Structures are given as C-alpha cells and as structure tokens.
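Chemist: fold the following and give me the result.
(chains A, B, C and D)
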Amino acid sequence: MSMVRLTIDGSEVEVPEGTTILQAAEKAGIRIPTLCYHKRLPPIESCNMCIVEIEGEEEPVNSCAAPVSEGLVVTTNSKALHEQRTANLKKILKHHPLDCPVCDKAGECELQDIVYEFGIEDVPYEPRKVKRDDSYSTTLIRYWADRCILCGRCVAACSDLKQIGALEIQGEDEHARIVVDPDKCKSCGECLMVCPTGALTENLSKYKGRPWLVKRVWTTCSYCGCGCQFQLNVLDNRVIGITTDVDTGVNRGSVCDKGRFGYEYIGDESRLKKPLIKENGAFREASWEEALDTVAEKFKAIRDEHGPDAIAGLTSAKCTNEENFLFQKFIRAVIGTNNVDHCARL
Amino acid sequence: MAESKTITLNMGPHHPATHGVLRIVLELDGETIVNATPRIGYLHRGIEKLAESRNYQQIIPLTDRLDYASASANNMGYCVTVENLMGIEVPKRAQYLRVIMAELARIMGHHLWIGTHALDIGAMSVVFYAFRDREMIMNINEEISGYRLTPTFFRIGGVAHDATPKFIEMVRDFVKWFPKGLDGYHKLLTENKIWTTRTMDIGTISAEDAVNYGLTGPSLRGSGVAYDLRKAFPYSSYDDFDFQIPVGDKGDVYDRYLVRMEEFSQSLKIIDQAIENLPEGPVNVDNPWITNPDLDEVQKDISALIRRFMIHIKGPVAPEEEVYTAVEGAKGELGFYLVGDGSEHPYRLKIRSPCFYLASALPRLMVGHMVADAIAIIGSIDVVLGEIDR
Amino acid sequence: MTNPIGDVLKTEVILAIGTDTTGNHPIIANYIMEAVHQNGVKLLVIDPRRIELVDHADLWLQHNPGTDVALLNGLMHIILKENLQDQAYIDERMEGFEELKSCVEKYTPEYVSSITGVPEEKLYAAARLYGEADPAAILYTMGITQHTTGTDNVKSCANLAMLCGNVGKVGGGVNPLRGQNNVQGACDMGGLPNVFPGYQAVTVDDVRKKFADAWGVEGFPSTVGLTITEMFDAAESGKVKAIYVMGENPVLSDPDKHHIEHCIESLDFFVVQDIFLTETAKLADVVLPAACFAEKNGTVSNTERRVQRVRKAVEPPGEAREDTWIISEISRRMGYTMPATTPEKIMDEINLLTPSYKGITYKRIEKGGISWPCPDEDHPGTPVLHVGKFARGKGLFFAIDYIPPAEEADDEYPFVLSTGRVPQHFHTGTMTRRGTGLNRLCPEPIAQLNPEDAEKLNVSDGDFIEITSRRGSIKLKTWLTERSKLGMVFVPFHFHEAPANTLTHAIVDPVAKIPEFKVSAVKVKKAS
Amino acid sequence: MSYKNVIQTIHKKFPDAVVKETVNKGQREITLARSQFYETMRVLQDNPDLPYDLLIDILGIDYTPRTPRFDLIYILLSTKDFSRLIVRLQAEEGEEIPSVSSIWHSADWGEREVYDLMGIPFSDHPDLKRILTWKNFEGHPLRKDFPLEGKDFDKPFDPETIEDYT
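Modeler: Below you'll find the predicted structure:
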C-alpha cells in the first residue's frame, strides 16, 4: 500500500493510494460540503456539491469519487466553486415542497443544514408539473415523492449494504422518482437510515416529536445476539422510534426490521401491570405485598417439606447479566439447589 | 442605664414598599435603625444558566424579564452586546426605533418609580396620574408587539418588523400630551412641604461613597457624578440626539427625585427628535444567517422557509471571543459580559445588574435613619428584584 | 464466538453451516455481504434449505437434515487425502490427531454422498475451498446445534477448524451466532445447572467454597442440577414441586407442547415473572409483572462476548418493577437479604466473583462494550480467543461417528419437519406480535413446501395444510417455494395459532440436553 | 496618556504583576498574576493619574476541562474620564482569592455571588456567605458540570430541607 502525497488548500497531506480526495481532506481537517455522500456507501456523485478545483484541469472534479494521485494540488473553496455549488443546490431546491413545518426530518435534515450553511436566497418554489404518487413497498416506511431530491443514497444502501437491490430511480428529471420492488423489500429501513431529507419517514409510530424535544437514550437491542446499538426516542414517557449512528456499535448505523420497528410492545396496553394470583382457576389482581409473601411462603413450605431440589428455576436469555446473576444466586444461595437453567437451546 | 435592647424586624420579602421580594432584616433601637442586612434570592430563576442552553435569539425574551418595569431597555443591552460580539451593523432606522422603545421604557420605569415612591411616603394621588400616563406607553407597546409590559420587540440585527403608522401617531400623541402630565407631578410634589421634609437630607451619600458602593444611574447622578452611558459609551446612534444629563449635588432622596424628574423630560426630548427624523430604510441587517425572512416570502420561497426554520432552531454562531457592553438602563448601568464559543449557544453570559449594587448600598444609606425614612430611601434608589436576583 | 463479527471482513473463506443469517442475524449478514461483494471473500453455504445466503454463495451443499457429522467428516477425509491440513499447527498445538485420522478414514466421498445426498464433486470442491484458504471462518447457529447429535456437530466443526489451523487466528474461528440478546450473558452468569458464574463448575469443591463464603451460606449441592427438559419431566414424576420462571415461555418454545402443559399442571406451585401474560403465564399460580429492557439499567453480552450497556428510557407501566427488585424482595422474605440490588452494585459483585468479567465496570463500558475475558481494569478485553494456546493447553480432536437423527422419516410419516424463525418475528412472538408493525409484515404462520411435493398432495400456493406427527397436528397456510428441499417442510414456531412444537419430539442431545427441533417425522395433507 | 502612567507605576512597583496587556474589541484588558494581586488592585484604585474608583462588576467563567479552571474578571471604570479597564485573573479550583472588598465596597456582594454560583472562595472577606441560594444548597449552579435541570430533578423538591442563614 504505497503512500501518496498531495496538497489541499496549501496544507500537505499523505494518504494511502486509492483514498479519495474527500477522505484525504477529512484527514487534513478540511471540510468539503457534501450532500449525497455517505460514509458507508460507495461514492454516488449525484449532487456535485463536493466539487474541488485541481491545478491543471479546467473542470472541477467530484472529490467524493476522485482518487488521490502524487503531487496533486487541490483547492476546496473559491468564488467559482461557491457559485457552482450554490447553483447545484438551487437546482435541487427548485421543486422542493414547503413542508419544513410538517416534516418529521425538520431539525436534523441535511438539506436544511446545507441551505442554511450556504445562506441560499430567492429560490421560488415551482411545483412539479407531474404529480408523483407516494407508493412504497412497505407500510412501515412512507415515501414523500416530491420531497425526494433523488440523491440515490437509498438505492446504494439497498444494493450495496444489503445486496437486495429493491430500489431504483426511474424516469427522467421531471418524472424521475424512486421505484420499489415490493417482493424484494425486507422493510429493514436501511434506506430510511441514509435518507438525508424527509423523503423517507418512519410510518409506524402515531406520535412524532421534534429532534430537540425527544429524549434519546443509547441502549442495546433486545432481540437477536448481534447486540446492535441504537437510541430509543422517548417523548413524554413513550417510545416513538429509534435512531442510530454510523460510528456507534457493531451495527454501524444499520438495524433489521425487528430492531427498527419492533418497539411497540414497550408501551403496549396489554403489558402486565399488577401482580396476579390464581384462585380457583381465575386470576385476580393482588398487591405486591400479598403476591411476594405468597411466593416466599410457598417456596419455604415446599423446601422444608420436600428439600431444596424440589424447586427449580428458569432464568432468561432476554434479561440482563445482573438479573441472571441475582436469579441464580437466589436459586443457589436462598433455595439451595442447582436446578437453574434457561432456554439457551432455542 | 438599662442596656438598650434592639429588636429585629423582618421587612419583606412580601412588604408593599420593597418594590418586589426584597427582604431587609432591620435591627431597631426604638425607631432608629442600628443595622440593616438585605436578603435577596427569592426571585432567582437562573437566567444566566438558562442562557447557556439557548441560542442567541431565544435569550431575548429572558432579558425582558430582568428589569420588567422597563423591558425594552434590557433588550437593547443584550442585543447591542451580541451585535458587538458578532460584528453586526444595525441599519439606522432600526437604531432609531430601538432608541424610541428604550426611552419609552425608561419613562415607563420612572412612572412606576414616582407612583410607588410617592405612595410609600403617603402622597396617594400621584400614583393615579403616573399610571394614567404609563397606560399610554403600554398601549404603544401593545400596538407594536402585542405585549404591554414585556414587548420583546428587539431582534439580533434589528427589530421584529417595521413601525406601523399607528405606532408613530401614538408616539407623537404621547410626546404632545406628556409635558402636561409631568407638570402635574411637579405641582403635586416638588414644592410640597411634607414631601420636602420627608426627602431632604434623608439617605445622603457623598459622590465618593456612591462610587465606592458601585452605584450607577440616577442614584449616582444624584450625588453629583455625571456618569451616563448614553454619553460615556454612545450606542445605537444616541450621539445623533441632543439631550442633557441632570445631576444633583447633595445626594439625598430629594436630589435623586429631582434628577429623575428631569430625566422624564430629557427622555421625552430624545423621543421627540427620534420620531421626527426617523430615517427610511430596512429595519433588519441584510444577513441570511440572522434576519428572519418575512412571512409572505416564506409562503412562496423554500430557501426562505428553510432559513426561517433554521434561524429559529439553530440561529447564528458567535466567534470564540469575549466582550463587555453596557447600556443606560432605567436604574443604572446594565451590562452584559458575553463569551462566545463558536457555537450557537453562548458559553457564558453575565448580567451586570445596577439594582444588585444599589441594594448592597442600602445598609450604608439606612443606618441612623428612622424606619419611615427607610421606606423613602428604598423608593429613592428604585430597585427591581427581577434584575437583582436574575 | 471465538472471533469478533468484524473478522468476517478479514478472512478468505466463510463456511456458513446451519445458519439462515439474513433472517436471524441481519447485521452479521451485512458484514457477509460486504466481505463477499467488496472484499472478494469466498462464501461456502451448507444448509438443507435454499436460504437467501445461497444466492450470494460461491458453493452450496444441500445435505439431508441431521447428516452434518457425516458431511464434516467427509470434508476432513478429503482434506487429509489431499494434504491440505495445517500440519505444523496440528503437531505444535493439537493432540488426538491419530484417532481423528483413523475415524475419518471410512468417510470416503461416495459413502458420505450416499448419507448426505451431496454429489461427490461438490464435496471435493468444498473441501478444497475450505482447506486451501488461510484463514477461514466457520459460522453456525441452531441448524448445527438443535439435533440429538448437536454436541457432535459442534465438535466436528471444531475438528474441521483446528485441522486447518483456523482457531486462535484473526479471520478464523468457530463462531456460534447466539440467538438472543443476552443468551451469552445468561450462560456467563451461571444460569446453567452445572456451573457458577464464569463457568466455574459446581462439582469442584473450592469453587463451591468460594461462593459459599462470598454469599454467606454453608454450601451447595455438589451434584449438577436439572436442565430445562429434565425439570418438566421431574415435575411430571413429582420430584419437582415448584418452578419459578423468569422471562421465558416454554409452553410455546419447548418441544412437545402437550407434554409441557401436562407437566406444569402436575406442579404444586408455579410462578411466572414476565412482561406479558404469555401462554406459560396463563398456567401459573402467581404472575409477577416485570420491566422490559427499555425500563431498566444493566448490561447484556452479545454473540461476540461484548458486554454492553442497557439504559432506562421510560418508566415501567402500572406497578411493574425491575426483576432485580422482585428477586431481592422474595429472597428478603425468605430470610436472605441481598446486599447488592442496584445494577452497578451487582456488577461489582460479579467483578469480584467472575474472573472473566473482573475488569468490566460501568465506567469502562460507558461508550463501547468490552469482550470478556477481561481479567483486570486496564485489560482491553479479548476479541479473539485461543490465541497462542488453548484454555486447556493443547487442543483436542474428537473422533466422532455419524449417528442418524432420532426420528427419521418413514413411510407412515414421510416428511421431515424443521422448525425455525422468520426474519420478522422473534421466538414466541411475545414482543414482536404486539403492536401493528411487524404483524403487518408477517401476520400469520406459513409453512414452506417444495412445489413438487405439493403437486403430489394437490396443494396449491396459499392453501391450508394439516401437518401431523406422532404427538399432535396443526393446520396452517402454506407457501410453495423452490427454497424448500424435497421431502421437507419448514414451520416457524412463533405462532400460538399453529404451535410448531406440538409436532416436535422431546428426545434430546445426551450431553447438551438440546431438543431435536430440526428433524421430526411428519405427514402432510391438504386441510379439509 | 494617564493610562500609560498607571501601567508604568505598576510595572515599577510590582515588575511581574501584569502577565498580559491586550486591547480586545477596543476594550483595554490586563491579566494579573496571582502574586501581588491585591496590591496591584489597590494601586489601580487609588493612583492619582487615573483612579479606577468604580468597580462595575466581578464574574467567574468556568473553562473546564482547562486548568487553571476558572477566569475571574473585574470590570473597572474611572469616573475621571469614564474609561473602562477589564482585569483578568486565573484561578484553580478551590484556590482562595484575596477579597478586594476592602478596596471597593461594591466587591462585597459581587464576590459573594461569584462564591455562591461559581464556587470560588475569597480570603478575608467580611462575610462570605451564599447570596442567591440558601445555606445548605449543594453545588454551584453556574459550573459547567452542574446539570441544567439541577441534581435529581425528577424527585419532588421538599422545601422543608432548606436551611437558610438566620
């Protein structure tokens, strides 16, 4: 892996061969504005915001895809570049609907951030001549066709990250939209994760919240053994969705359909809310005092009469380490038997 | 001689004459005050801590609640500080509008002062006349911003929107009417025998002591020091206007009274000059990161909608610098020490409250006087607890 | 797992045997896709069903269910024949090679092909693919373990890996993909009848003494306790009078549903502590409402032994409480006050008593997790196990012979039933079948049947079929797909409407006591 | 011109007292060393050339995790020509700063507020007590590590626990 030396905005930087100019700039601490670039996706080159000027070439080049070469001299910011980027942005914005006040993504939308960063002005909204329908492959994700800036991130995510390839862009500029193959789609939400704007939004939770109102708590998924890290979004004591981060956890931002949409059970109405005691075949509600006393008395009675080995305990692979430790300590130290197991076998 | 027993009397925090939740623990020997310790903190809301988690735009309503008797003067102080830190040039028309609102706020503050001060000492009728005139200013505030007491009309880089013709007309009416009202106060109090005996040679403080105790504003000028920030550190084009700084000499309650009465008319003079030659032009700085696009533009233009949205939830960033700027509030020097850290939240905002130091001088002013004089003294330094406690 | 998940990107060949990774571990499937499609890693899939992984595989061996040992021995036979094994690694770090060599002698390609139904040239290709690669990783899940020969299957995988020197090396390893968020942790914490926390055996005297002193009790029985299946049998025979279940739903998840229900009824006292009134909780005498993962603080260990934080986001509903509170309250009423009841304090106690968790504290895992063993507070954790030497010193080969599954298909029950999961649901559906989201994706149980078999039974796509075994029968919709092997039917076990475990038999692996969910004999006919 | 004299006299009397002299946004600012801090402030107040007789304000800034952690800012004004001077002093956590309340009387309350909200103690202050919060209030609210909502905010606050100065 031979190293390549180049100068960006006058500062020298050395990177292995094959890295792109954008990554080299990042290493040198220089920020190049991007829109369709995503850290985990191969370069898409649909927004042309990351253009840089290279000495000896007239046309600016997309730094997200252009590989470095020895002795390259790159400038990342100039008047011409700024105008070109502003023009690119205005082209994208022309048909963007005035949805910010009602869009879930407002407040963490990358389009909003970059428009504000560039201080773009006077882009009167021109509704598209053709009304595009909003159909999508799964009812758990909603597609807002006219908010879509056709950056192509979702298409790349579905084909490169998941190797499913259920999404593609069809039609020319006025009619272009994302088309989904319902049979292939797994509702995993990978497209939802990478969408920079509110074109793809989570369509499951009835409750929505602005990003600055929602409490976000990092936790580990409660389903399979991968141990994916994500944030539970909580709005006044109700889980309304999850968010992930590209740099956190073994899942690097991705989660499966259970992880992304399987949170409804947390606040479900049918959750057990009070201890129950069965009396002649039917359950009746009881207080904690009564229930715990009954359990303790019964265990003591059976232990004294039949010995500790007459009691057995089933701990759980869905409880935490601390709970498992305490449970087996209870069975071994308090009851006095080794009859403790859990369903590691399924 | 029987050892003279002193009794401890708790004045406040719910005493009508303390102009808010100020509590003073008086040690009395009969009627004379032997010792006085003011206790504050009953209205502490932690504005400085709150400011650290809000963006620059969202802090403006917080500053309204400092000296709520003259709200716009506080906004002036905060906005000028932020603009100084961010290097923003406010258009002339906005500066004039700000001066009008700030001076109206000063007059509003003084109305409250004269009304309650006279009432404490027993002159019942003054408060009704003072509050009648104050009502006119409240209506002006309501006309321009919809709020009577805390208009929050200022924005970073300008004001919320342009002045409406009705606003200009109401200000002109007030300027025409008020001298008659002011004359009424003079007739009631200035030569009133009871008033002069209750206020002359009471709570006297020399110029040198006043400075050492950190007094500023009318209370300092009452002792003869002509320190007024509108002249010493001009801001928001105050140097365009011709006005004088009234100064007392003995530094007793009566001198402070005269200084404030003169300030009534000086402020009126400023408002008159400002409203007459109000320049044309925009009322907000032309800067896409700061100025809110107006509503009808937002209905048509997506970039305006995005900018308005981002300005509200994110707002401009300030450089990593520190700056101290002060303005002449109704009670004295109202300063803001602002530390920027490159983000849209201030790293630290310290509010220099004039009333904080006025209240700290109360023991010096009160000791040796009778309890009745204490009421007059408190009235004469005119403290507002919202600003002391922050 | 002996190696971290990320090692899949740094290997040459991935051998995925008995794992429908895209369905059960989608994130690990992401890594496999990246490895195969971007890093050029070769993928060898061994599975009776044409799972989705096969669409991206370089080579697919479709063997008869339950014949894994024969297949693996066959691969080892070819590797030895063509001298592809890592002889230096074997000589230096292994023992028992001769016994393995002689045992594998008789597993010639055509003998193996007759048992497994895999053509010989594919066996050669697979053996060469895995043999020549350095390193190569083996991934497996329940397809390997849920057999009466489960332990043998796992040992055979280990044999194959050690034969080619792939254990204790980055990119190598024998990697079980654990199925639940804290099944690894539950085992680590001693949730097993034969070990204390940290796999310290109950039969060893000074281990028992150490825990007795730590917990202030006289001592513990030196014999191994009952496993889950033995518990229920002992309940039926009257040896066990009371069972205390926390967070489990054996009525739906354990084999032979009617047998389980009958055992529970014969108990004197049955307590269930869970977050919903599951099928098991309905049979309980006392039900205690617990808090779910979003309502408590604590840690869980994932499949790569990484201990990570679980944090409280919302308040538990109604009067539900954390499990630690409930357990310590019961124990207090029985005369033993638990000293540590908050998660941090319990973890301190775990650090003291469990050598492999010693250095894992809340402060250290605030950001990312740490993989155990982590002997002290500065130790960075152990991503790759068995580097340099094995825990027991030398690695041991096991000479294992192929034993057919307990209940093979016969003319009365011609079909082989295999139960498993669908991507949208988890286990008994206690969590995923609440709410609308995942139910919309997969609302009802659907069996998978090969179109040719269906034609013989004149069943068309979407018809209801009735599957009967020696233990009971269920009715459910069917989906005709090439993915299902001829003579096999796959039924997901999440659905109480058509509980797959009414069909499965309760014969278990002699050592691990794991039931044979993957092979049961059934007959299929169109539902009336 | 007279400002130059003041600085000269200070340099002559206490050579290493002034650490840094800058003009920040048109505002004169000097940073003082911890040694001879009190004496320098005394000179600033009563020197004949340009006496800074009005102490406008005192404030603390918490720069954690930087060490020294705090910056103390004294804003001074001379009523002779109404010119302002900012004096900066760096303080470690828990380090005692000599009180200047014997030089300017307004420093009394100013220092009590810095002690109360920022936790910087002042030595030989006439009556160093908390001023805005109450006697047994835990912590110093304006410090960066003090949570915005206050400690254990989700538990109801019991006013009985307040114990105030008599």
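
Chemist: now C:P515, which residues is it bridged with?
Modeler: Beta-bridge partners of C:P515, counted by DSSP bridges, are C:V508.

Chemist: quick one: it from C:I507, how far?
Modeler: Going from C:P515 to C:I507 by CB to CB, to the nearest Å gives 7 Å. To be clear about C-beta, it is placed using only N, CA and C from the backbone, and glycine gets the same treatment.

Chemist: which of the two has more residues huddled nearby?
Modeler: Neighbours were counted for C:P515 and for C:I507 using other CB atoms under 10 Å in any protein chain shown; C:P515 has more, 27 against 16.

Chemist: can I assume the more buried one is in contact with C:A500?
Modeler: No: with contact defined as CB atoms under 8 Å, C:P515 does not count as touching C:A500 (11.9 Å).

Chemist: what touches both of these two?
Modeler: Counting by CB atoms under 8 Å, 6 or more residues apart in numbering or on different chains, no residue touches both C:P515 and C:A500.

Chemist: now do the contacts for whatever residue of chain A ends up closest to chain D.
Modeler: Nearest residue of chain A to chain D, counting by CB to the nearest CB: A:N237, 11.0 Å away. Contact partners of A:N237, counting by CB under 8 Å, 6+ apart, are C:314-315.

Chemist: mind pulling up the pLDDT for it?
Modeler: A:N237 carries a pLDDT value of 90.

Chemist: tell me how far stretch B:201-216 lies from the chain's centre.
Modeler: With CA atoms, centre = their mean, to the nearest Å as the basis, stretch B:201-216 stands 20 Å off its chain's centre.

Chemist: can you list the buried residues in that stretch?
Modeler: B:202-205, B:207, B:209-216 (16 or more other CB atoms under 10 Å in any protein chain shown).

Chemist: need the three-state assignment for the closest residue to B:R65 other than its chain neighbours.
Modeler: Leaving aside its sequence neighbours, B:R65 sits nearest to B:G386 (CB to CB, 6 or more residues apart in numbering or on different chains; 5.8 Å). Following DSSP: H, G, I helix; E, B strand; the rest coil, we place B:G386 in the helix state.

Chemist: how many neighbours does B:G386 have?
Modeler: Using other CB under 10 Å, B:G386 is surrounded by 22 other residues.

Chemist: my read: it touches B:I40, true?
Modeler: No: taking contacts as CB under 8 Å, B:G386 lies outside contact range of B:I40: 11.1 Å.

Chemist: quick one, what contacts the spatially most central residue of chain C?
Modeler: Nearest to the geometric centre of chain C sits C:M142, at 4.7 Å (CA atoms, centre = their mean). Shown in contact with C:M142 (CB under 8 Å, 6+ apart): A:346, C:18, C:179, C:420, C:517-518.

Chemist: so which of those belong to strands?
Modeler: C:G420 (DSSP state E).

Chemist: need the pLDDT of residue 39.
Modeler: All of this refers to chain A. 90.

Chemist: should've been chain B
Modeler: At B:R39, pLDDT is 90.

Chemist: so it sits against B:T18, correct?
Modeler: No: between B:R39 and B:T18 there is no contact under CB under 8 Å: 10.7 Å.

Chemist: between these two, what contacts are shared?
Modeler: Joint contacts of B:R39 and B:T18 (CB under 8 Å, 6+ apart) are B:12, B:24.

Chemist: these two: which is more packed in?
Modeler: Shown here are B:R39 and B:T18; by other CB under 10 Å, B:T18 has more neighbours (22 against 17).

Chemist: contacting residues for that one?
Modeler: Counted by CB under 8 Å, 6+ apart, B:T18 has contacts B:11-12, B:24, B:378, B:385.

Chemist: top of those residues by neighbour count?
Modeler: Neighbour max across the contacts of B:T18 (other CB under 10 Å) = B:I378, 29 neighbours.

Chemist: what's the neighbour count on the closest residue to C:G238 other than its chain neighbours?
Modeler: Leaving aside its sequence neighbours, C:G238 sits nearest to C:S266 (CB to CB, 6+ apart; 7.1 Å). Per other CB under 10 Å, the neighbour tally for C:S266 reads 14.

Chemist: now the one 10 residues further on
Modeler: For C:F276, the number of neighbouring residues by other CB under 10 Å comes to 22.

Chemist: helix/strand/coil for it?
Modeler: Strictly by three-state DSSP, C:F276 counts as coil.

Chemist: residues contacting it?
Modeler: Contacts of C:F276 (CB under 8 Å, 6+ apart): A:265, A:268, A:270-272, C:430, C:434.

Chemist: do A:E45 as well
Modeler: When contacts are counted by CB under 8 Å, 6+ apart, A:E45 touches A:36, A:62, A:64-65.
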